[in-house]
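Participant: Sequence and predicted structure are below.
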Amino acid sequence: MNDPMIAVQGLRKSYGRTAVLRGVDLTVRRGEIFALLGPNGAGKTTTVNILTTLVRPDGGTATIAGADVVRHPADVRRSIALTGQYASVDEFQTGEENLVMMADLAHLPKRTVRRRAHQLLERFDLTDAARRRVGTYSGGMRRRLDLAISLVADPQVLVLDEPTTGLDPASRSQLWEVVRGLAADGTTILLTTQYLEEADRLADTIAVLADGRIAARGTAAELKALVAGDQVRVAFDDAASLTAARGLAVAGLDAAETDDKALALTFPSAEPVRTIRQVLEQAESRGVAVAAVSVVKPTLDDVFLALTGAHAAPGATGGSAPTGTTDRPTPEEALR
């Protein structure tokens, strides 16, 4: 399970005078879920396009399952599947017909085509809808079918380029369970996303891409440890207590952020338990009415902001260009 399925060293790509990738290094192990994060224009889609043999790099090397993406692209394509931001399914065919068509295109033996289609329909909970036109499917069902289509040829590496774009929370959670199951079965997964919760909950390893380079990598916990530590948040019963609390002799309180609407103070603390005790003791002695206290842990949002200087907007889809089939950059890529 420790075999490197994706190995990238010094990957570079420019469009005209615009450098998109400036020396990217990353390694993804067999059966690992690896998330690549980054703000719009960081080079995520360009990286995906290179790894899937759709764009040639200007420098560096990249291999998939041991095959070089430039020298042996046909071997790479036999090892991978790519699922983009939007479901690539034929709405005028049924779910079963979509899978059978893709199995035929993948040159699966005729005797196994329908068996494979039925296996995937069952795996993705689409059996009851197998003979319905895809045009009648919900967004979540289409994404599951799209993912099933990607797995027709049983790829070793699955590249998911912002796969839950536009899905509701329930459908997103359902798709996450499917992805976890694929990794447990040994499929290597490279995931690009701007949903930071998605990376936090799914990925074994996370890399943050900023300005064409990997700014940091590690587990979610390791990345969170890179930013400022814990904070203490204290909410008060009334505005008078909030005002009085600013005079408490508690370390870090002078750097507190004030939320006047929520009647709360939030400030850094190296020892949150001790700090909370001090706040409560002094508040009681001075008649300051405390409504609630809590410890605020760093999040991936904090990591993202610290490393890239950009916020990942809730529900952001990224603005990555649709994957093309030539080396010509899309307008979005040309601006990266």
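Facilitator: Yep, that arrived.
Participant: Name the SS class of the residue nearest to Glu91 when sequence neighbours are not counted, please.
Facilitator: Closest residue in space to Glu91, ignoring its immediate chain neighbours: Gly135 at 3.9 Å, by Cβ to Cβ, 6 or more residues apart in numbering. The C-beta positions use only the backbone N, C-alpha and C, and glycine is treated the same way. On the three-state scheme (DSSP: H, G, I helix; E, B strand; the rest coil), Gly135 is labelled helix.
Participant: Just confirm Gly135 contacts Asp90, I think it does.
Facilitator: No: counting by Cβ atoms under 8 Å, Gly135 stays clear of Asp90, with 9.2 Å between them.
Participant: Model confidence score at the residue nearest to Glu91, please.
Facilitator: As predicted, Gly135 sits at a pLDDT of 92.
Participant: That one: neighbour count?
Facilitator: If you count neighbours by other Cβ atoms under 10 Å, Gly135 ends up with 12.
Participant: what does whichever strand or helix holds Ser285 rub up against?
Facilitator: Per DSSP states H and E, Ser285 falls inside helix 272-286. Applying Cβ atoms under 8 Å, 6 or more residues apart in numbering, the contact partners of helix 272-286 are 230-232, 234, 241, 244-245, 248-252, 269, 288-290, 293, 295.
Participant: give me that answer again for 6 Å
Facilitator: Helix 272-286 has contacts (Cβ atoms under 6 Å, 6 or more residues apart in numbering) with Asp230, Val232, Val234, Leu248, Val250, Ser269, Val290, Val293, Val295.
Participant: My guess is the last one contacts Gln231. True?
Facilitator: No: using Cβ atoms under 6 Å, Val295 is not in contact with Gln231, being 7.3 Å away.
Participant: So the two - more neighbours on which side?
Facilitator: Gln231 (21 against 13).
Participant: How confident was the prediction at that one?
Facilitator: pLDDT, read off for Gln231, is 89.
Participant: Which of the contacts of helix 272-286 fall in strands?
Facilitator: Counting by DSSP state E, these place Val232, Val234, Val290, Val293, Val295 in strands.
Participant: pLDDT-wise, which helix or strand of this protein ranks last?
Facilitator: Least confident helix or strand of the chain, by mean pLDDT, DSSP states H and E, is helix 331-334 with a mean of 34.
Participant: now Val273: how far from Val232?
Facilitator: Plainly put, Val273 is 10 Å away from Val232 if you go by Cβ to Cβ, to the nearest Å.
Participant: more neighbours, the two?
Facilitator: It is Val232, of Val273 and Val232, that has more neighbours when counted by other Cβ under 10 Å, with 25 against 11.
Participant: where does this protein dip in pLDDT?
Facilitator: 1-2, 85-87, 228, 310-336 (pLDDT under 70).
Participant: What are the boundaries of the strands in it?
Facilitator: Using DSSP E, strands in the chain cover 4-15, 18-29, 33-37, 59-64, 67-68, 80-83, 157-161, 188-192, 205-210, 213-218, 231-236, 257-259, 264-268, 290-296.
Participant: now for the ones you listed, which one comes closest to Arg142?
Facilitator: Arg142 sits nearest to strand 80-83 of all the strands of the chain, at 11.4 Å, using Cβ to Cβ.
Participant: Go through the closest one and flag the buried ones.
Facilitator: Ile80, Ala81, Leu82, Thr83 (16 or more other Cβ atoms under 10 Å).
Participant: What segments of the stretch 101-250 of the chain are helices?
Facilitator: 110-123, 139-150, 169-184, 196-202, 220-224, 239-245 (DSSP state H, counting those that start in this stretch).
Participant: And these: which comes nearest Met5?
Facilitator: helix 169-184 (11.5 Å).
Participant: contacts for that closest one?
Facilitator: Gly31, Ile33, Gly140, Arg143, Thr164, Ile189, Leu202.
Participant: Next up, the contacts around the residue nearest to the spatial centre of the chain.
Facilitator: With distances taken as Cα atoms, centre = their mean, Thr193 lies nearest the centre of the chain, 3.2 Å away. Contacts here follow Cβ under 6 Å, 6+ apart; on that basis Thr193 touches Glu162, Ala199.
Participant: Could you report the separation of Leu158 from Val152?
Facilitator: 12 Å.
Participant: about what we covered before: a markdown table for the helices of the stretch 101-250 of the chain, including distance to Val70 and mean neighbour count?
Facilitator: Formatted as a markdown table, the helices of the stretch 101-250 of the chain follow (distance: least, Cβ to Cβ, whole Å; neighbours: other Cβ atoms under 10 Å):
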| stretch | distance to Val70 | mean neighbour count |
| --- | --- | --- |
| helix 110-123 | 31 | 16 |
| helix 139-150 | 23 | 22 |
| helix 169-184 | 27 | 16 |
| helix 196-202 | 29 | 21 |
| helix 220-224 | 31 | 17 |
| helix 239-245 | 61 | 17 |
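Participant: No more questions from me, cheers.
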